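1. this is a predicted model, with the sequence first.
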Amino acid sequence: MAKKLYYKIGEACKILDIQPYVLRYWETEFTSLSPSKSKSGQRTYTEEDLKVIGRIKELLYEEGFTIAGAKKRLEGELEGGGLKPLRPLDLSSKSAPKKAVTAKPEKTPAEPEKTVKTKQKTEGRASKDGEVDSAKVKELEAGINAALSQAQEILALLDTGTKKR
């Protein structure tokens, strides 16, 4: 199939296996993603735009970055001379995916590039980028688990009380 000069939002989403609302949201978050618009106001994406979108998808869904982490990584890659995609995009219509990806991945782990050294420096306080020390997180998790356990016990008591009547 011959390469096209531009793709409409539906075509881009079909190629990249994402929903249009996800792509429109990413446009608000990633400054490097700003498609042109036709005379009628419809978004048009170049192959370079599709590569950027594909890389954003890889960072978020495959590499597990948060939006903030993906922004930093993408900016660094673009400033460093180009994107580093995991695999090339197949722009043929035969490769259209069967199932679209939703806006929220199943998990949103912290940015992978954080180092242990950074965490040790920030112990006891939050760093500039909002990182919290692990001891505080563990303490909060324990409190949440205790509250959850108590709530489950209360629900069990309420359930047994309604069954007796």
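-> Yep, that arrived. A quick note: this is a predicted structure, and the numbers were derived from the prediction, not measured. Numbers count the residues shown, from 1 in each chain.

2. can you give me the helices in this protein?
-> 9-16, 20-29, 47-57, 67-79, 116-121, 134-164 (DSSP state H).

3. among those helices, which comes closest to residue 38?
-> Nearest of those to residue 38, taken as Cβ to Cβ: helix 9-16 at 10.7 Å. No exception for glycine: its C-beta is placed from N, CA and C like everyone else's.

4. quick one, domains of this protein?
-> Annotated domains of the chain cover 1-113, 114-165 [automatic domain parsing].

5. rank the ones you listed by mean pLDDT and give me the bottom one.
-> Looking over the domains of the chain, mean pLDDT reaches its minimum on domain 114-165, with a mean of 64.

6. quick one: closest of the helices of the chain to residue 35.
-> That would be helix 47-57 among these, by Cβ to Cβ, at 5.5 Å.

7. could you give the angle of the closest one to helix 20-29?
-> Here the directions of helix 47-57 and helix 20-29 differ by 90 degrees (axes from the mean of the first three to the mean of the last three Cα atoms, to 10 degrees).

8. which helices and strands does helix 47-57 pack with?
-> helix 9-16, helix 20-29, helix 67-79 (3 or more Cβ pairs under 8 Å, 6 or more residues apart in numbering; DSSP states H and E).

9. out of these, deepest packed?
-> Comparing those by mean neighbour count (mean count of other Cβ atoms under 10 Å), helix 9-16 ranks first with a mean of 19.

10. tell me the helices and strands packed up against that one.
-> Checking 3+ Cβ pairs under 8 Å, 6+ apart, helix 9-16 ends up next to helix 20-29, strand 43-45, helix 47-57.

11. cool, thanks, signing off.
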